[in-house]
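A.B. asks: Need coordinates for the following:
(chains A and B)
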Amino acid sequence: GNSVTQMEGPVTLSEEAFLTINCTYTATGYPSLFWYVQYPGEGLQLLLKATKADDKGSNKGFEATYRKETTSFHLEKGSVQVSDSAVYFCALIDQTGANNLFFGTGTRLTVIP
Amino acid sequence: KAGVTQTPRYLIKTRGQQVTLSCSPISGHRSVSWYQQTPGQGLQFLFEYFSETQRNKGNFPGRFSGRQFSNSRSEMNVSTLELGDSALYLCASSHSPRDRVLRNTEAFFGQGTRLTVV
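C.D. replies: The predicted structure follows:
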């Protein structure tokens, strides 16, 4: 079956530190991969996505590369800001055509000034 | 362009009651999906509706049901509420062309309805 495993949190970083949140997946075939972010009191927002192997998704300074060989989609940012404090979810949609997202458990990031 | 609107934002219900949650998708979006978010289980898919038809369903008991109207607005209903149904219920809409592939579209989420069962 499909599953997403992501790094346990919470993660606390100082402003301008480097961020990595690990994500690995299990799926049939070639899923599409996503990172969503949830700010306090809000719904989920798509942060970035990648639809095939070796694709790199990027947005707002965040990046993630679809690695088929390691079934991974790790999220990185070179210099975090206080405004990046949120919960980050890794997710996939498989190739079966079903239109549902499988999510990881989420990683809470807190950035301190 | 208005986003996905979920109503109400907060609900408190008693065990055994039923509840109906509403979701208005982004104009032009025909696919509406529902998710349950809890601290213990995380985000779990409930079901998806497209053009008034349920076309995918997650692993939830029959107490959870939904429907979609001709204007793409969707409702979900939970009957005989249990304490474990307390959660944030999120609705997502997408353009979702007929081939059902989300690869080149994006799911837009509402702010959710927080349901508390006491």
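A.B. asks: so B:R67 sits right up against B:Y49, yeah?
C.D. replies: Yes. Under the criterion of C-beta atoms under 8 Å, B:R67 makes contact with B:Y49 at 7.2 Å. For every residue, glycine as well, the C-beta is placed using N, CA and C.
A.B. asks: Need the residues touching each of the two.
C.D. replies: Listed as contacting both B:R67 and B:Y49 by C-beta atoms under 8 Å, 6 or more residues apart in numbering or on different chains are B:S74.
A.B. asks: which one of these two has more residues nearby?
C.D. replies: B:Y49 (26 against 15; other C-beta atoms under 10 Å in any protein chain shown).
A.B. asks: For that one, what is the enclosing helix or strand?
C.D. replies: Following DSSP states H and E, the helix or strand that holds B:Y49 is strand B:42-50.
A.B. asks: Okay, now the unreliable bits of chain A?
C.D. replies: Along chain A, the model assigns pLDDT under 70 to residues A:97-98.
A.B. asks: Can you name the residues of it that neighbour chain B?
C.D. replies: Residues of chain A found near chain B (C-beta under 8 Å from any C-beta of the partner chain) are A:32, A:36, A:41-46, A:49, A:51, A:89, A:91, A:93, A:97-106.
A.B. asks: Looking at these, which are in helices?
C.D. replies: Residues from these lying in helices, with DSSP state H as the criterion: none.
A.B. asks: Mind giving me the PyMOL command for buried ones among those residues?
C.D. replies: To isolate the buried members of these in PyMOL, using 16 or more other C-beta atoms under 10 Å in any protein chain shown:
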select buried, chain A and resi 32+36+43+44+46+49+51+89+91+93+98+99+100+101+102+103+104+105+106
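A.B. asks: Quick one, grab the pLDDT at the residue lying closest to B:S79 once chain neighbours are set aside.
C.D. replies: Leaving out its chain neighbours, the residue that sits closest to B:S79 by C-beta to C-beta, 6 or more residues apart in numbering or on different chains is B:Q18, at 4.4 Å. pLDDT, B:Q18: 98.
A.B. asks: Cool, thanks, talk later.
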